[in-house]
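[1] Here's a sequence, model it:
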Amino acid sequence: MITGKEALERLREGNKRFVSNVGGGQVQLHSTRPAELNQPHQPLAIVLGCSDARVPAEIVFDQGLGDLFVIRVAGNIVAPSQVGSIEFAASMFGTRLVVVLGHTQCGAIQATIAELQQPVANQSLNLRAIVDRVRPCVEGLLKTDLRHDMAALSTRAERDNVRASVNKLRHGSTILEQLISDEGLLIVGAEYSVETGRVEFFDGVDIA
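    Numbers count the residues shown, from 1 in each chain. Coordinates of the predicted model:
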């Protein structure tokens, strides 16, 4: 079984390859041969990422078929279905790394800021459910001087939203808490830069 630390290093190396390819004008995705997929499913990492089309986890980490167990939802929020999916993968496949992957220019963050500044009448209840999960990361910031700088506000909110999701996973599931304590499960936060292609790990890597 690959450890969380080993998996994290493989993702870092994969992102370096991706950035290098982007810089050279080529984006390549390592492809696992179909015959190899008949082997037991053992993804090296679980990635909870945003649904944004610019942030496909397999590509930005230069991984192939079967390498990642990916859950994507607008705003990389944590709801029961996401927690259950992560519990399933960590328990069933023995995966020991969970990455919450946010990104710059996040539309869910921007939509939440806009909603708090000027609420929309008759907003979809489904969309509101996403906004309400992001809301705590934005409300406090709107009471600071950051409210005068929307770019800086968005940047801070994107990071805080990742941290909030990481915290919910670490402390909102008995199964994950036990895997962290007894099996070395790592849950870390990261941010993908749409501008550069680089992924920065910034929450939880101090214990990795």
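[2] Wait, residue 12 touches residue 200, no?
    No: between residue 12 and residue 200 there is no contact under C-beta atoms under 8 Å: 10.1 Å. Every C-beta, even on glycine, is put in place using the N, C-alpha and C of the backbone.
[3] in the protein, which helix has the most residues?
    helix 150-171 (DSSP state H).
[4] Verify the stated contact: residue 55 with residue 104.
    No: the criterion here is C-beta under 8 Å, and residue 55 misses it with residue 104 at 9.6 Å.
[5] Report the set of residues contacting both of the two.
    Common neighbours of residue 55 and residue 104 (criterion: C-beta atoms under 8 Å, 6 or more residues apart in numbering): 192, 194.
[6] Compare the two (neighbour count), which wins?
    residue 55 (22 against 18; other C-beta atoms under 10 Å).
[7] ok, for the more buried one, nearest residue in space, not its chain neighbours?
    residue 103 (4.8 Å; C-beta to C-beta, 6 or more residues apart in numbering).
[8] Give me the neighbour count for the one you found.
    22.
[9] Would you mind measuring from it to residue 155?
    11 Å (C-beta to C-beta, to the nearest Å).
[10] Please report phi then psi for the residue sitting furthest away from the middle of the chain.
    Largest separation from the mean C-alpha position in the chain: residue 121, at 30.2 Å (C-alpha atoms, centre = their mean). Dihedral pair for residue 121: phi -70, psi 140, per degrees, to the nearest 10.
[11] OK, contacts around it?
    No contacts exist for residue 121 under C-beta under 8 Å, 6+ apart.
[12] same deal with residue 11?
    44, 45, 61, 63, 97, 99, 199.
[13] Look up which residues are beta-bridged to the fifth one.
    In this structure, residue 97 bridges to residue 186 when assessed by DSSP bridges.
[14] ok, residue 18 to residue 12 distance?
    Computed as C-beta to C-beta, the residue 18 to residue 12 distance reads 11 Å.
[15] With neighbour numbers in mind, choose between those two.
    Just comparing residue 18 and residue 12: by other C-beta under 10 Å the higher neighbour count belongs to residue 18, 21 against 14.
[16] Which residue ranges of the chain form helices?
    4-23, 57-60, 80-93, 107-117, 125-139, 150-171, 174-183.
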